[in-house]
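>>> How does the following fold in three dimensions:
(one chain, ligands or ions: 1)
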Amino acid sequence: MGTAKRQPWVVGVSGASGTPYAASVIRALLAAGEAVDLVVSRAARLTILDETGISFRDAHWRTDLAAWLGTDAGELDDVRYWSAGDFAAGPSSGSYPAKGMLVVPATTGAVAGIALGLSKDLLQRVASVTLKERRPLVVCVREAPLNGVTLKHLVELDAQGAVVLPASPGFYAGGSTVRELVDFVAGRVLDAVGVPHTLYRRWEGELGAAARDAAPPE
Ligand SMILES: Cc1cc2nc3c(=O)[nH]c(=O)nc-3n(C[C@H](O)[C@H](O)[C@H](O)COP(=O)(O)O)c2cc1C
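Numbers count the residues shown, from 1 in each chain. Just a heads-up that it's a prediction; the model follows:
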């Protein structure tokens with residue numbers, strides 16, 4: 001028997017505010033022993049720069065990703081990176097053995113492009129491939145407020161089988177730091193595709209637990 005076939009999750013990072021959500025999802029996938037194929041849209045370079053100070057470069061993606069995740073480049077052996085303009089990339093074909101795709105965070109533009117099947121870049125192409133192959137697709141949209149056309153696109157994505165998961169942290173898990181609230185959203189993204197994690201404390205029917213476990217006010 002040969003070695004087991006690599007079956008990655010594709011993580012698509014588009015240019016919405018919320019790059020910490022993407023970092024948390026990638027870290028948790030790797031911690032769960034999952035392989036990751038990463039696609040970063042052109043606009044996401046601006047949000048990564050704005051929110052982390054890192055200039056994300058195709059040619060130096062491993063170094064830049066390590067800085068973004070706060071990890072060692074040597075711990076990224078299970079990550080493969082594809083340039084957003086590379087329509088010849090592996091995951092752009094349904095025959096590539098991806099498990100599914102997580103778009104985190106998703107812009108309203110990415111939501112539109114995926115809902116309408118535009119495939120304007122690799123991220124949108126892989127999302128369309130994921131839908132046509134009936135693989136799991138999670139779209140973690142980040143915008144507020146939402147206009148009517150985006151709401152229609154989100155309903156269309158739901159109809160096509162995607163999980164629409166707004167970047168909307170819950171407070172019932174007792175989180176009070178930004179990191180805990182970010183990890184809550186990332187944890188719900190992983191829940192949607194059945195990847196185990198310990199990113200947030202699950203609801204167990206105990207009213208008042210959130211207030212009890214919250215950090216005292218400063
Ligand atoms: C700093 C910054 C923050 C942004 N935040 C959002 C956002 O939260 N949601 C959104 O839909 N677009 C946001 N945008 C606009 C998108 O980046 C823009 O519409 C872009 O065309 C999306 O392209 P993409 O879907 O290929 O990444 C932001 C842009 C910048 C520069």
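>>> any idea which element Gln12 lies in?
I think there's a mix-up here, since residue 12 is Gly and not Gln. strand 9-13 (DSSP states H and E).
>>> Does that strand reach the ligand?
No - with CB under 6 Å from any ligand atom as the criterion, the ligand is not reached by strand 9-13; the gap is at least 8.0 Å. From N, CA and C alone the C-beta is placed, and that goes for glycine too.
>>> Equivalent analysis for stretch 98-112, please.
Yes - interface with the ligand: stretch 98-112 contributes Thr107, Thr108, Gly109, Ala110 (CB under 6 Å from any ligand atom).
>>> For that stretch, give the mean pLDDT please.
Mean pLDDT, stretch 98-112: 99.
>>> pLDDT weak spots in the protein?
Applying pLDDT under 70 to the chain flags residues 1-3, 215-218.
>>> tell me the angle the longest helix anywhere in the chain makes with strand 9-13.
For the chain, the longest helix by residue count, based on DSSP state H, is helix 178-192. Put simply, helix 178-192 runs at 130 degrees to strand 9-13, going by axes from the mean of the first three to the mean of the last three CA atoms, to 10 degrees.
>>> name the helices or strands packed onto the helix or strand following the strand holding Gly12?
Using DSSP H and E, the helix or strand that follows strand 9-13 in sequence is helix 19-31. Under the contact definition 3 or more CB pairs under 8 Å, 6 or more residues apart in numbering; DSSP states H and E, helix 19-31 sits against strand 9-13, strand 36-40, helix 42-52, helix 61-69, strand 100-106, helix 178-192.
>>> one step back: now the longest helix of the chain: buried residues?
Using 16 or more other CB atoms under 10 Å as the test for burial, helix 178-192 gives 180-192.
>>> before we move on, what about stretch 143-163?
Glu143, Thr150, His153, Leu154, Glu156, Leu157, Gln160, Ala162, Val163.
>>> The one residue in the chain that gets nearest to the ligand and Val126: what is the separation?
Per CB to the nearest ligand atom, Gly15 is where the chain lies closest to the ligand, at 2.9 Å. Applying CB to CB, to the nearest Å, the value for Gly15 to Val126 is 16 Å.
>>> When those two are compared, which one has more neighbours?
Val126 (29 against 22; other CB atoms under 10 Å).
>>> need the contact list for that one.
Val10, Gly12, Val39, Ala89, Pro91, Ser92, Ala98, Met101 (CB atoms under 8 Å, 6 or more residues apart in numbering).
>>> try Glu156
By CB under 8 Å, 6+ apart, the contact list for Glu156 reads Ala115, Leu116.
>>> Show me how far the helix or strand hosting it is from its chain's centre.
Using DSSP H and E, Glu156 maps to helix 148-159. When C-alpha coordinates are averaged (CA atoms, centre = their mean, to the nearest Å), helix 148-159 and its chain have centres 19 Å apart.
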